[in-house]
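Colleague: whatever this is, show me its structure:
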Amino acid sequence: MKSLIPPIVSAAIAGFGAMACITLLAYLEHFDTSIVWLMAPFGATMVILFGLPSSPLAQPRNILLGHLITSIVGVVILHNFGVTPLSLGLAVGLGVFLMLMTKTTHPPAGANPLVIMLTGQSWQFLVFPVGVGALAILGFGLLYHRLISRHEYPAATRAHS
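Modeller: Modelled structure (predicted):
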């Protein structure tokens, strides 16, 4: 069924959702500077969550587990092998492999090992921003889609890519 909403309105609704979600996370980080709420891959998550909410890649399981799995890989590789061209490639490749094998593919999460390894993050990074940040994004996305965009989220067909 073709949407009755003009593309410009749909794009504006998606852009506003992404803006509001990142603004909230940034505000939380500004409010308590001891906690990190943002990481660059979350910006890419906004594209999928708000722009393509029915995509299998945007579903809660994919967003949460995709970010967690690849982040765990990044921390494990960092602390066991350090940062080398090979370890960076290994971490990204292993993260992609594990997302595909667990059917939790979320493309923005593919950047997590690089972010973690290039900035020397600890295990704490898995809690803030990865775990709690992803949960906050999902909570915001759920409310936003139900109350504002009116997209069915999570999607009824829960096929995971």
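Colleague: low-confidence ranges in the chain?
Modeller: For the chain, residues meeting the criterion pLDDT under 70 lie at 1-3, 157-161.
Colleague: now the helices for it?
Modeller: 7-31, 40-51, 60-81, 85-102, 112-118, 132-144 (DSSP state H).
Colleague: tell me which residues of stretch 143-151 come out buried.
Modeller: Tyr144, His145, Ser149, His151 (16 or more other Cβ atoms under 10 Å). Heads up, the C-betas are built off the backbone N, CA and C, glycines and all.
Colleague: repeat that for stretch 127-140.
Modeller: Those would be Phe128, Pro129, Val130, Val132, Gly133, Ala134, Ala136, Ile137, Leu138, Phe140, for stretch 127-140 by 16+ other Cβ under 10 Å.
Colleague: what do you get for stretch 106-124?
Modeller: Applying a neighbour-count criterion of 16+ other Cβ under 10 Å, the buried positions in stretch 106-124 are 106-117, 121.
Colleague: could you do stretch 29-41 as well?
Modeller: Glu29, Val36, Trp37, Met39, Pro41.
Colleague: now Gly133, nearest residue through space, not along the chain?
Modeller: Closest residue to Gly133 apart from its sequence neighbours, by Cβ to Cβ, 6 or more residues apart in numbering: Trp37 at 5.4 Å.
Colleague: what's around the closest residue to Ile77 other than its chain neighbours, how many residues?
Modeller: Leaving aside its sequence neighbours, Ile77 sits nearest to Ala91 (Cβ to Cβ, 6+ apart; 4.1 Å). Neighbours of Ala91 under the rule other Cβ atoms under 10 Å: 24.
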